[in-house]
Structures are given as C-alpha cells and as structure tokens.
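**Student:** Return a 3D structure for these sequence lines:
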Amino acid sequence: MKESEIRQIPLTALLAVSGIILPQFFHLLGLGAVFMPMFLPVMLGGLLLRWRFALVLAVVTPLASFTITGMPPITPPVLPVMMTELMLISSILSLLHVHLQKNKWAALISAIVADRFFLFIVAYFLAPVFGLPQMFASFSLVISGIPGIILQLIVLPAALVFIEKKFPQYLNPGLEK
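**Tutor:** Next up, the predicted model:
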C-alpha cells in the first residue's frame, strides 16, 4: 500500500465519525431529514478520497450510525436508500473531482442531480408499498432535500478552500496516470 493510500485511511475514519456525530446535533432539533447532515462528511470524502475509500465511507457511515444510534432507521427503508444514495453521490464526486480532476462545482452539481434523480425513481416505486401517491411522494421527497442541498453547496466548497490552505496534502491523493 502506497503512502498516499495509507493517508486516506485515517481521513476516511475521521469523516465516518463526523458522519455519525454531526447528524446527532441536527436530530436534537428535529432537522435531520431536512438538512441531510450525514451527507456532508460523506460528500466531502467523495471530493477528497479515491473512489474505493469514498465508497467504503458511504457504506460504513450509515451502517455504523444505525448500529450506534438507531438512525437512519431500517423501516421505512431509510437506511438502505440512504446508503445507496451516499454510495452513488460519493462515487460520482470521487470519480469526477479526484480521478478526472473536474471542477468542484461541476462534480457537486452532477452528483446532487444524479442523487435527486435516483431518489425520485426510488420514491416513485416505493410509494405504492406505503400507500402513497407515486408522483406526490417522489416530488415531495426530492423537494424536501432542498435546504440540505443549499447547505451542501455552501459548506463543501468552503471546506475545500479551508483544506486547500491548511492541509493541501489531502487534495491530491497521489493518483497515477
């Protein structure tokens, strides 16, 4: 294992722990579902980590959070849907920003749009199982995430600027061409 990969292990762990602790503050105020706080550390991981580490982060964070806190719940199927969302979004961010060196804004917008489209499709097919109208459930679930998306678009670029200034070694994970 290369030094650049070894450096990614503690960063992945730090982001996973952040993804467990941060939502607790939001849930105390009843704002977890609105602001999607677990997404912030996982998405930051997608912007900083190689895709394999970003994917591990996206799987481990919600599973560990559920094991420790019981959130996100298994039923209704929030945990599996959220885990799949996090896997999708962190993979897209890592592939675009880390591996293909695309602009952070292009990576963020692409990942968020893909996530919202995925969530719309999942909600559309799960709504009848819960006796909900498909289009209403799909649109309301997608729209309810807008405050969280705004938070992501503010916090994540600012975090990248901070990391670029204070910890530039984490911006280039030593990818070989």
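
**Student:** helix or strand right after the lowest-mean-pLDDT helix or strand in the chain?
**Tutor:** Here the helix or strand of the chain ranked lowest by mean pLDDT, DSSP states H and E is helix 32-35, holding a mean of 90. Using DSSP states H and E, the helix or strand that follows helix 32-35 in sequence is helix 39-48.

**Student:** Flag every buried residue along stretch 88-108.
**Tutor:** By neighbour count on 16 or more other Cβ atoms under 10 Å, the buried set for stretch 88-108 is 88-98, 107-108. (C-beta placed from N, C-alpha, C; glycine too.)

**Student:** And these, which is closest to residue 137?
**Tutor:** The shortest distance between residue 137 and any of the buried residues of stretch 88-108, using Cβ to Cβ, involves residue 88 and amounts to 19.6 Å.

**Student:** does the closest one sit in a helix or strand, and which one?
**Tutor:** Per DSSP H and E: residue 88 is located in helix 78-93.

**Student:** Contacts for the very next helix or strand once past that helix next, please.
**Tutor:** Taking DSSP H and E as the definition, the helix or strand that follows helix 78-93 towards the C-terminus is helix 104-126. Under the criterion Cβ atoms under 8 Å, 6 or more residues apart in numbering, residues 43, 46-47, 77, 81, 84-85, 88-90, 92-93, 96-97, 134-135, 137-139, 141-142, 145, 149, 152-153, 156-157, 160 lie in contact with helix 104-126.
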